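Asks: what follows is a predicted protein model with its sequence.
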Amino acid sequence: METMTGAKALMKAMEKEGVKQVFGLPGGANLPMYDEFARCDIRHILARHEQSAAHMADGFGRISRKPGVCFATSGPGATNVLTGIATAQADSSPMVVVTGQVAVNMIGRDAFQESDIIGMANPVVKYSFQPRTAGEIPEVVRKGFYIAETGRPGPVLIDIPKDVQINEAEMTFPEEFKIQGYHPWTDPDIVAVEKALDMLLNSERPIILAGGGTIISSAFAELQAVAEALMLPVVTTFKGKGAFPETHPLSLGPIGMHGHAEANKMMTEADCVLAIGTRFSDRSIGTFEAFEKRLKIIHMDVDPAEIGKNQTAQVVVVGDVKTSLRIMIKLLLQRSIKKTEESIWIKHVKETKAYWKENLKIHPGEMSSAKILRKLREILPKESIITTEVGQHQMWASLFYDVIQPGTFFSSTGLGTMGWGFPASIGAKVARPDVPVVDIAGDGSFAMTENSLATAVLEDIPVIVFILNNSILGMVAQWQRTFYDRRMIGVDQQHCPDYVKLAESYGAQGIRAQSMDELDKAIKTALSSDVATVIDIPIDPEEDVLPFVAPGTSLSEMILPS
Amino acid sequence: MNIMWAILSILVENKPGILFKITHLFRARNFNIDSISVGVTENPDYSRMTITTFGDEKRIDQIIKQLDKMIDTIDVKRLDEHKTVYRELSIFKIKLSNANDSMDVNKLANAYGGKVHDVKKDSIMVELTATPDQIKAFEELVKPFGIIDVARTGVAALQRSGA
């Protein structure tokens, strides 16, 4: 037992959780916590907007699989974090957000910078706490981190009134604790796994659909072992992109609204799917009814509430997908199943894949998205980490940037938060300073959090921002061209700002690349410099993302480039 | 789609803010609350919420799973109405227009096991503890007199032993 303030207890408890840095912004209601940075070993990384601080913590969390931590003050500081929290929740990212709150006796009196952040954040947090006495803080932090990182990960909010930060109490830091209503892990049912395996063996055209859960669970080796032993083609959701090496002969890439043509084709021809760690989002599978009507579904997921939510599965395996796949591998070994001969189905899959590799039309210009992203892939080391913003560039990245090393591609896939990629790349680089980190961006998205350049420069976090700059809100423009008779409203960015000058004004490196030669040099320069670099690549504003499965239609109704 | 009525019995930690979280979940997931009642259990650390709702089998299954997923819920059960004692308390304020009305309402109240309170010249109050169906039936019967106000508690329910 030791007497200390709530703020000190917070920092001490976070140190015990292994926290090395906090992304955040100070303000009136969290000053006591901020003062503790002067007396502890946790690094503070100053963001220029609380939303960015949250995305940084999110990026850190996805890569390190440990909760990223962000601090914000009460009122507007807390409401600014909301988009960051919702993004982390939608993509099951482990995060702990600590907000300051007005003093306990001021709560409910519409005090200055008071907001009911617990109430506002409720539907987008995995859990939230508002300790009312300083002595509660150590246990709250312990529980908060545990909840954030176990089971299906997610964001946890800890809202601490200012007086609770200041007050002193006798602190005990518990190792053991009990959360009665929380059961993050279920042991997978072996009989169900056996049924799943039999169903796969008895199907003519089986396929694997790997979702984001495969990456969160880092079940890469297990997925590959099962796919190879059963010789199953592998498609992924967009969130699952890179769960399986996209250069592998069995890989077909992501399905969905902007999935690979071969992936969507084979998904619609399959008669049985092993769906791993996916919630069957509408963007991945199109209309729910058309999808489940066509094939038998085996659904593996850690979250029981995902079972039956969007799709009805014939076989259900609840539990960590890595563990479930390991059980399947054991069964394969016991029964000595290792397919070596290609089935008619797998031959068909490979032919389809080869056909689309050869025949998918890409934009004819020298600086087409496909050529630009293939160039990036060609130069980047395979262990490089990619984050993306949200929009056309994101979908082009999905189509044309092949992930070689599993678990190196991250995007705001669920909430689709423009402005996520750049701050997330900063968080990613903090987690993995040893590898290049590139934010594949569009001009519209980058503009939303571009002031994180200050963080990248001043905190010495040399990430690369790779802007496919069509000076237009491209995805919206594409929908306006397709569905609104080319009435282009509110999309033109009119080449404002100049991103090279913008980068330079922050002390970052800005390079414009207008030809493939310049691009080649720019990427190599960025990789060899120790300062954040913005590569601005002007592209044709008329280029569409294709293939395209229009909203409310099924994967079989894919629009292809003409 | 076969829409059915379901009684959910939810044991939660007796802490502030839980009722808000549960009702928020129903709103955010587009589920319906038909009635809700909350009270502390024999152990003051817990409260029991009884929620009645409508939906097809899949939807009710989803509601239960989402409630189960909530960290503040200790136990979520769907009660089989045939194996459950479930009652709701209702209070009716009924208009009296004719001399015989008071006696007629009294008779109806007696038939349904209700209690009569606050008999005035032009109004009468009936307290009725029954199943929602019985309350509905009683309401239909007293409607012709003129209902001034109704207050209902929502269903409280417990499964029978050995059921």
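Replies: Cool, the structure landed.

Asks: what element comes up after the host helix or strand of residue B:63 heading to the C-terminus?
Replies: Assigned by DSSP states H and E, residue B:63 belongs to helix B:57-69. With elements assigned by DSSP H and E, the helix or strand that comes after helix B:57-69 is strand B:73-79.

Asks: does chain A sit close to that next one?
Replies: Yes: applying Cβ under 8 Å from any Cβ of the partner chain, one finds strand B:73-79 in contact with chain A at B:73-74. Using the backbone N, CA and C atoms, a C-beta is placed for each residue, glycine as well.

Asks: residues in contact with residue A:340?
Replies: By Cβ atoms under 8 Å, 6 or more residues apart in numbering or on different chains, residue A:340 lies in contact with residue A:231.

Asks: spit out the contact partners of residue 33.
Replies: Assuming you mean chain A. For residue A:33, the contact set (Cβ under 8 Å, 6+ apart) comprises A:7, A:10-11, A:71, A:98, A:100, A:160, A:165.

Asks: switch to chain B, that's the one I care about
Replies: Contacts of residue B:33 (Cβ under 8 Å, 6+ apart): B:23, B:26, B:51-53.

Asks: so it sits in a strand?
Replies: No: assignment of residue B:33 by DSSP: H, G, I helix; E, B strand; the rest coil gives coil, placing it outside any strand.

Asks: look up phi and psi at it.
Replies: phi -100, psi 120 (degrees, to the nearest 10).

Asks: same thing with residue A:196?
Replies: In terms of degrees, to the nearest 10, the main-chain angles of residue A:196 are phi -60, psi -50.

Asks: I figured it hits residue A:328, correct?
Replies: Yes: contact criterion Cβ atoms under 8 Å: residue A:196 and residue A:328 qualify, at 6.9 Å.

Asks: whichever residue of chain B sits closest to chain A: neighbouring residues, count only.
Replies: Chain A sits closest to residue B:65 of chain B, with a gap of 4.1 Å, by Cβ to the nearest Cβ. Applying other Cβ atoms under 10 Å in any protein chain shown, we find 17 other residues in the vicinity of residue B:65.

Asks: what sits against the nearest residue to it once chain neighbours are set aside?
Replies: Nearest non-adjacent residue to residue B:65, counting by Cβ to Cβ, 6 or more residues apart in numbering or on different chains: residue A:305, 4.1 Å away. Residues counted as contacts of residue A:305 (Cβ under 8 Å, 6+ apart) are B:62, B:65-66, B:68-69.

Asks: just those now: which is nearest residue B:75?
Replies: Among those, residue B:68 lies closest to residue B:75 (Cβ to Cβ), at 8.6 Å.

Asks: show me the beta-bridge partners of the closest residue to that closest one other than its chain neighbours.
Replies: Excluding its sequence neighbours, the residue lying closest to residue B:68 (Cβ to Cβ, 6+ apart) is residue B:76, at 4.8 Å. Judged by DSSP bridges, the bridge partners of residue B:76 are residue B:10.

Asks: can you add pLDDT and give the contacts of residue B:33 back as JSON lines?
Replies: Shown next, in JSON lines, are the contacts of residue B:33 (pLDDT from 0 to 100):
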{"residue": "B:23", "pLDDT": "95"}
{"residue": "B:26", "pLDDT": "96"}
{"residue": "B:51", "pLDDT": "97"}
{"residue": "B:52", "pLDDT": "96"}
{"residue": "B:53", "pLDDT": "96"}
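
Asks: hmm, which two among the residues you listed are most spread apart?
Replies: Checking the contacts of residue B:33 with Cβ to Cβ, the most distant pair is B:23 and B:52, at 13.6 Å.

Asks: ok, these two, which is more surrounded?
Replies: It is residue B:52, of residue B:23 and residue B:52, that has more neighbours when counted by other Cβ under 10 Å, with 22 against 14.

Asks: who are the contact partners of the more buried one?
Replies: B:5-8, B:33-36, B:132, B:154-155.

Asks: any quick PyMOL command for the buried ones out of these?
Replies: Restricted to buried positions by 16 or more other Cβ atoms under 10 Å in any protein chain shown, the PyMOL selection for these reads:
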select buried, chain B and resi 6+7+8+33+35+36+132+154+155
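
Asks: can you lay out the contacts of residue B:52 as a markdown table showing pLDDT and secondary structure?
Replies: Below are those laid out as a markdown table (pLDDT from 0 to 100; DSSP: H, G, I helix; E, B strand; the rest coil):
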| residue | pLDDT | secondary structure |
| --- | --- | --- |
| B:5 | 93 | strand |
| B:6 | 96 | strand |
| B:7 | 96 | strand |
| B:8 | 97 | strand |
| B:33 | 95 | coil |
| B:34 | 94 | coil |
| B:35 | 95 | strand |
| B:36 | 96 | strand |
| B:132 | 95 | helix |
| B:154 | 94 | strand |
| B:155 | 95 | strand |
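
Asks: and which of the contacts of residue B:52 is nearest residue A:54?
Replies: residue B:33 (32.0 Å).

Asks: so the residue nearest to residue A:427 when sequence neighbours are not counted is in which element?
Replies: Nearest residue to residue A:427 in three dimensions, chain neighbours excluded: residue A:59, at 3.0 Å (Cβ to Cβ, 6+ apart). Element membership for residue A:59, per DSSP H and E: helix A:50-64.

Asks: immediately after that helix, which helix or strand?
Replies: According to DSSP H and E, the helix or strand after helix A:50-64 is strand A:68-72.

Asks: leaving out the residues flanking it, which one is nearest to residue A:282?
Replies: The nearest residue in space to residue A:282 (Cβ to Cβ, 6+ apart) is residue A:288, at 7.2 Å.

Asks: residue at max distance from the center of chain B?
Replies: Computed with Cα atoms, centre = their mean, the residue of chain B farthest from its C-alpha average is residue B:99, at 33.1 Å.

Asks: let me know the pLDDT of that residue.
Replies: At residue B:99, the pLDDT value in this model is 86.

Asks: now do the contacts for residue B:104.
Replies: Contacts of residue B:104 (Cβ under 8 Å, 6+ apart): residue B:145.

Asks: burial check on residue A:200, number of neighbours?
Replies: 21.

Asks: dump the helix or strand it falls within to CSV, keeping only the CA atoms.
Replies: Residue A:200 belongs to helix A:190-201 when elements are defined using DSSP H and E. What follows is helix A:190-201, C-alpha atoms only, in CSV (Å, rounded to 0.1, in the frame of the first residue of the first chain):
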residue,chain,number,x,y,z
ILE,A,190,-13.8,-30.2,-31.5
VAL,A,191,-16.9,-32.0,-32.8
ALA,A,192,-17.8,-28.8,-34.7
VAL,A,193,-14.3,-28.5,-36.2
GLU,A,194,-14.6,-32.1,-37.3
LYS,A,195,-17.9,-31.4,-38.9
ALA,A,196,-16.4,-28.4,-40.6
LEU,A,197,-13.6,-30.5,-42.0
ASP,A,198,-16.0,-33.2,-43.3
MET,A,199,-18.1,-30.6,-44.9
LEU,A,200,-15.1,-29.1,-46.7
LEU,A,201,-13.9,-32.6,-47.8
